[in-house]
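**Student:** Fold the following and give me the result.
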Amino acid sequence: MCIDCVMNIGEASRASGVSAKMIRYYESIGLIPAPARSNSGYRHYQPNDIHTLRFVRRARDLGFSIDSIVQLLDLWRDRGRASADVKRVALDQVATLKTKIGDLQKMVSTLEHLADHCRGDDRPDCPIMDDLSARTDASLAPAGQTAHRAGAGAARAARGAARNAGARAGIGMPP
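**Tutor:** Prediction:
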């Protein structure tokens, strides 16, 4: 990258790996400063702007939030920063990622449990659909621990009775 090069937004996008739409968004929220503009209003990006965009792109690739990236950019620009401050932001992100991984593992466990208990045949009864349609606040409970699943047989029986009563009254119900 040449030191005196000036790039338009498309060139800056290609050079940084950040889409033009995201560059405009980052400018609009103040994450990156608005670049100089030509007399006709086109953005002109300098090499230091591209460096900042690459920094932001890498931070986003590591899952940092916009607020954390603001902190990191402030620290990056502060040559007198304490590395302990940077480490704190990084370790906060590690904790956030570990929480997300735990949540994803719970979802995998729940879906595996539900799939293991689904017959997968041509019958309409399906614990997966029962779980998805449950009207409880147990969507994040570990597999097998919701009141709905504990009473799934009773719930199916109640739906069957309601469906039969609805059929007698001429009212259809979803399976």
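**Student:** what's the helix or strand for H44?
**Tutor:** H44 belongs to strand 43-44 when assigned by DSSP states H and E.
**Student:** So what's the gap between that strand and the chain middle?
**Tutor:** Strand 43-44 has its average C-alpha position 31 Å from the chain's average C-alpha position, going by Cα atoms, centre = their mean, to the nearest Å.
**Student:** Not counting it itself, show me its contacts.
**Tutor:** Strand 43-44 is contacted from outside by V6, M7, N8, I9, A12, A34, P35, A36, R37, S38, using Cβ atoms under 8 Å, 6 or more residues apart in numbering. Using the backbone N, CA and C atoms, a C-beta is placed for each residue, glycine as well.
**Student:** Paired strands for that strand, with orientation please.
**Tutor:** Its sheet considered, strand 43-44 pairs with strand 36-37 (antiparallel) by DSSP bridges.
**Student:** for the strand it pairs with, what is the average pLDDT?
**Tutor:** Strand 36-37 shows a mean pLDDT of 92.
**Student:** Can you give me the neighbour number for I9?
**Tutor:** By other Cβ atoms under 10 Å, the residues close to I9 number 19.
**Student:** Could you list the low-pLDDT ranges of the chain?
**Tutor:** Residue ranges of the chain with pLDDT under 70: 1-4, 136-175.
**Student:** What ranges does it have for its helices?
**Tutor:** Taking DSSP state H as the criterion, the chain carries its helices at 9-16, 20-28, 47-61, 66-77, 83-116, 127-132, 147-150, 152-169.
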